[in-house]
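J.: pasted the sequence and its predicted model underneath.
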Amino acid sequence: MANRERASCAFKATRALGIRDEEVKPVLLNLLKLFDMKWELIEAEDYRALIDAYFESKESKMGSDEKSLMEHSVYERPSKIPHLEQQKDQISSSTDSLSPVEKMIFSSMAPKDSTCKGASCAFSSEQLAVEPRSSHPRKEKMPSNCHTRVFIKQRTKQSVSDEADFAEPPAAVHPGNVFQGSFVGSTNGNNLVTRLGSQCDASSSKDRMYCNSNVLIASSTSGEVKISLNCDSAVRCQNFKVPDFNSVLKYLEDKYLKTHKLVTPEFSMKTLFKDLCECYVQVGQLHDPLPNNKALRIDNSDMVVDKKASSSFRLPHSSKNLLKAKHKATACDKKRSVRSLNDITKGAENVKISLVDESGNEDFPKFTYIPQNIIYQNAYVQISLARIADVDCCSSCSGDCLSSRIPCACARETGGEFAYTPKGLLKDDFLTACVCMRRAPKKDHFVYCQDCPLERSKNEDLPEPCKGHLLRKFIKECWRKCGCHMTCGNRVVQRGITCDLQVFMTPQGKGWGLRTLQDLPKGSFICEYVGEILTNTELYERNIQIQNRGNNRHTYPVTLDADWGSEKVLRDEEALCLDATFSGNVARFINHRCHDGNLIDIPVEVETPDRHYYHLAFFTTRDVTASEELTWDYGIDFDDYDHPIKAFRCSCGSAYCRGN
Ligand SMILES: C[S@@+](CC[C@H](N)C(=O)[O-])C[C@H]1O[C@@H](n2cnc3c(N)ncnc32)[C@H](O)[C@@H]1O
């Protein structure tokens with residue numbers, strides 16, 4: 001790959017964390033210099049060297065107040081990359097810059113000439129990586145098979161057993177010993193060093209040299225506590241991969257919850273740490289614990305917190321409860337961490353779609369990701385090649401229909417012209433017509449049902465007359481029976497998502513939202529609205545069930561049937577709707593904006609020649625810049641109090657807001 005491409009990939013990775021390209025650029029240039037243009041060192045582990053360096057540079061530019069604010073309330077920096085640390089050749093060989101506690105840990109853990117021998121590993125002060133406390137990045141070196149470790153630092157004056165928020169990011173994580181032993185404590189003036197591990201004898205420096213120092217806790221009267229975990233038995237496991245620490249914590253938490261371990265009288269911090277080490281080793285061997293299904297349920301149990309965005313060693317909330325720590329409110333309590341998922345689609349789309357919660361407070365959404373519509377139960381969607389007549393397809397075409405002089409049969413729907421440009425964007429005229437029909441509909445843009453299913457759902461006995469349904473312009477894409485290639489320019493929606501999207505927690509209280517991580521020109525296809533296809537009857541029953549459970553709906557079903565508004569009476573068990581509440585794609589996160597949303601939903605006919613079933617696709621109504629939230633007008637009548645789905649109080653921020 002050329003430098004330019006590699007740089008743009010690096011920016012993509014940092015954009016995913018909400019960092020602007022201009023801020024990353026100087027850091028990237030510095031790193032390239034430092035690493036002698038060795039891109040692979042920067043790209044390793046999802047650009048962690050770059051992200052690390054970015055935060056270091058940010059911290060070094062800040063005043064101390066700002067620094068502590070950042071440490072306590074905004075981001076938690078990703079952890080160091082151990083093997084990169086080894087590669088940096090400017091290595092500090094002294095402990096001068098270490099805090100008293102750090103020095104104490106090093107000097108008590110092993111003598112300076114200690115070595116690594118197979119699985120048994122002792123550290124020298126030079127060998128241990130230390131999370132820099134100063135704003136100046138310090139280069140560290142570690143022995144090759146002792147390349148990871150954990151440091152946990154607490155800034156409050158509590159004892160370690162009260163610890164409930166291990167908020168400092170780990171410097172590195174090392175596969176080491178599963179420990180089996182007892183506490184051994186030693187005091188040194190105002191400082192206390194505690195070691196856990198059966199094979200250690202704190203009184204013997206010789207033993208210490210080769211002992212399997214499993215947990216070392218050091219505290220000082222200034223309130224600083226450091227905990228070092230060493231689980232080096234994992235070194236012996238051939239298939240061990242350094243796990244994400246949040247996954248380890250979740251694993252441990254689940255284990256405890258299942259067995260009610262914490263309520264047993266045997267509970268102690270020692271056993272907790274022992275278990276933590278064991279879980280570390282276990283998760284390190286479970287490389288791909290989840291089957292890569294097309295549709296996987298996302299819930300907290302298979303949540304993997306992205307290392308990049310959340311490498312801090314922080315106990316999940318329920319773990320905090322489990323610890324039952326009497327935790328006094330301190331500045332540390334308020335510390336939040338960016339929590340993220342690397343890909344909510346779990347590989348089901350062409351592109352990864354990340355999710356970030358910069359507030360660090362939210363539960364991840366629970367739903368099943370599906371990349372294509374699925375029929376819930378009774379919806380009658382008839383897809384068959386036999387139903388597509390020759391006039392409904394372009395079987396004699398080849399290659400790219402857009403390049404042919406005469407538009408093929410598939411362009412008939414869009415007035416004999418294709419809806420797309422050769423660049424895959426919606427043509428301006430077509431888009432403008434769609435937007436105008438939506439934002440300034442004329443009388444003749446509405447159709448009225450004789451017996452409206454929507455009104456029936458509001459009042460079955462005495463339905464009001466139909467209020468009218470907006471006519472829609474359709475796109476017709478080429479499909480299987482067409483002779484053209486899959487790369488034909490008239491196949492945009494069916495090729496799926498191609499842009500860089502991210503689900504994020506909106507700061508305006510709208511819940512999760514969707515944003516773009518790249519600039520998007522007007523007319524770009526974003527995604528389809530994917531969900532379960534239900535009949536109107538099924539949707540009605542589902543709404544009642546949701547209400548009976550005392551819940552409000554959080555997703556908005558859309559009507560998916562152009563027969564609505566037709567002359568014939570549309571029966572409830574025929575009318576189709578799309579609901580993404582339980583199963584859906586990324587579109588379920590797109591929030592509403594009154595009138596001037598930057599997206600519009602347009603029906604697309606793909607595999608059926610009629611409009612009983614169609615796809616609903618989102619396109620940008622204007623140029624959209626990277627990091628802008630994507631929104632569309634749900635078409636809600638906020639004054640319709642009889643509507644089966646209660647409207648929310650709108651905080652779209654539009655000058656034309658109808659619902660606040
Ligand atoms: C399709 S979902 C969008 C994703 C949703 N925010 C979430 O967290 O899953 C629709 C729901 O989002 C919220 N929402 C969407 N647009 C909103 C707006 N403009 N103001 C307030 N809440 C909004 C409402 O709770 C609505 O029921």
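T.: Cool, got the structure. Treat the numbers as computed from the prediction; the structure is a model and nothing was measured.
J.: switch to C-alpha atoms for all contacts and neighbour counts from now on
T.: Will do.
J.: longest helix of this structure?
T.: In the chain, taking DSSP state H as the definition, the longest helix is helix 39-61.
J.: name the helices or strands packed onto that one?
T.: Helix 39-61 makes packing contacts with helix 3-15, helix 21-34 when contacts are defined by 3 or more Cα pairs under 8 Å, 6 or more residues apart in numbering; DSSP states H and E.
J.: out of the ones you listed, flag the one nearest the ligand.
T.: Distance to the ligand, taken as Cα to the nearest ligand atom, is lowest for helix 3-15 among those, at 21.4 Å.
J.: just the residues contacting that closest one, thanks.
T.: 20-21, 24, 39, 43, 46-47, 51, 517 (Cα atoms under 8 Å, 6 or more residues apart in numbering).
J.: format the helices and strands packed on helix 39-61 as JSON lines; extra columns: mean pLDDT, distance to the ligand and mean neighbour count.
T.: Shown next, in JSON lines, are the helices and strands packed on helix 39-61 (pLDDT from 0 to 100; distance: least, Cα to the nearest ligand atom, whole Å; neighbours: other Cα atoms under 10 Å):
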{"stretch": "helix 3-15", "mean pLDDT": "86", "distance to the ligand": "21", "mean neighbour count": "16"}
{"stretch": "helix 21-34", "mean pLDDT": "86", "distance to the ligand": "27", "mean neighbour count": "16"}
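J.: which one of those lies closest to residue 372?
T.: Residue 372 lies closest, by Cα to Cα, to one member of the helices and strands packed on helix 39-61: helix 3-15, at 26.2 Å.
J.: what about the closest residue to residue 417 other than its chain neighbours, which SS state?
T.: In this structure, residue 417 finds its nearest non-sequential neighbour in residue 411, 5.2 Å apart by Cα to Cα, 6 or more residues apart in numbering. Three-state call for residue 411 (DSSP: H, G, I helix; E, B strand; the rest coil): helix.
J.: mind listing what residue 411 touches?
T.: 417-419, 476-477.
J.: quick one, helices of this protein?
T.: Shown for the chain, the helices assigned by DSSP H span residues 3-15, 21-34, 39-61, 64-69, 82-87, 100-109, 205-210, 245-259, 269-285, 317-323, 428-439, 453-458, 536-548.
J.: got the angle for the second one vs helix 3-15?
T.: In other words, helix 21-34. Interaxial angle of helix 21-34 relative to helix 3-15 (axes from the mean of the first three to the mean of the last three Cα atoms, to 10 degrees): 120 degrees.
J.: near the ligand, which residues of this protein are found?
T.: 510-513, 554-556, 588-593, 648-652 (Cα under 6 Å from any ligand atom).
J.: now intersect these with the strands, please.
T.: Within those, residues falling in strands by DSSP state E are 512-513, 591-592.
J.: domain-wise, how is the chain divided?
T.: Taking automatic domain parsing as the domain assignment, the ranges for the chain are 1-75, 374-632.
J.: name all residues that make contact with the nearest residue to residue 630 once chain neighbours are set aside.
T.: Nearest residue to residue 630, sequence neighbours excluded (Cα to Cα, 6+ apart): residue 515, at 5.2 Å. By Cα under 8 Å, 6+ apart, the residues touching residue 515 are 501-504, 626-630.
J.: who wins for neighbours among those residues?
T.: residue 502 (27 neighbours; other Cα atoms under 10 Å).
J.: pLDDT weak spots in this protein?
T.: Residue ranges of the chain with pLDDT under 70: 59-224, 226, 228-240, 254-272, 274-275, 277-336, 551-555, 561-570, 642-645.
J.: try it again at 50.
T.: Residues of the chain meeting the criterion pLDDT under 50: 63-191, 193-213, 235, 258-264, 287-335.
J.: residue in the stretch 351-500 of the chain nearest to the ligand?
T.: Counting by Cα to the nearest ligand atom, the stretch 351-500 of the chain gets nearest the ligand through residue 365, at 6.9 Å.
J.: which residues in the stretch 351-500 of the chain form strands?
T.: 354-357, 367-369, 374-375, 446-447, 469-470, 475-476 (DSSP state E, counting those that start in this stretch).
J.: check those strands for me and report the most buried one.
T.: Ranked by mean neighbour count, these are led by strand 475-476 with a mean of 26 (mean count of other Cα atoms under 10 Å).
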